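Asks: Provided below for reference: sequence and predicted model.
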Amino acid sequence: MKISTRGRYALRLMIDISLHGENAPVRIKEIARRQGISEKYLEQIVSVLNKADFVRSSRGPQGGYRLVKKPEDYTVGSILTLIEGSLAPVACLEGETNDCQRRLQCPTLRLWERINEAVQGVVNSVTLADLVAWQTEMGVPE
């Protein structure tokens, strides 16, 4: 499993909105400047987040984006899965059930299941609030 640029940028966008969106909506232009990411690329990502009701947009001169929920209510897993799709290391683990014809004789299946469980355990236990706190602890400029 490899997290794409889109997934990484989605997390950075959500962290930025968490840090700067308490009092007013955050404009994509400002996020792009702070994060060093193209506005057009961020617009594509925020469109997916908006449609999934992770962020809410407002129009006008004071418009921008806000989180729909509190940062502690978003897991890294929910954000990455929305943007990336399945985080499973192999195709046979992507769905609810493993329909692979070789599943009963696959010597590597348990390895892939353990990797998947480890990844899911991490991404579903870390929240957006945790990422914001880690950034603050590190002294990373907002």
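Replies: Cool, the structure landed. Residues are numbered from 1 along each chain as shown.

Asks: what about the residue of the chain most remote from its centre, which SS state?
Replies: Centroid-distance maximum for the chain: Gln105 at 34.8 Å, with Cα atoms, centre = their mean. Following DSSP: H, G, I helix; E, B strand; the rest coil, the label given to Gln105 is coil.

Asks: where do the strands sit along this protein?
Replies: Under the criterion DSSP state E, strands of the chain are mapped to 55-58, 64-67.

Asks: need these in CSV with mean neighbour count, mean pLDDT and distance to Leu42, can you?
Replies: Quick note: C-beta positions are derived from backbone N, CA and C, even for glycine. Below are the strands of the chain laid out as CSV (neighbours: other Cβ atoms under 10 Å; pLDDT from 0 to 100; distance: least, Cβ to Cβ, whole Å):
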stretch, mean neighbour count, mean pLDDT, distance to Leu42
strand 55-58, 16, 94, 11
strand 64-67, 21, 96, 10
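
Asks: pipe these into CSV and attach distance to Gly95 per row.
Replies: Shown next, in CSV, are the strands of the chain (distance: least, Cβ to Cβ, whole Å):
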stretch, distance to Gly95
strand 55-58, 28
strand 64-67, 30
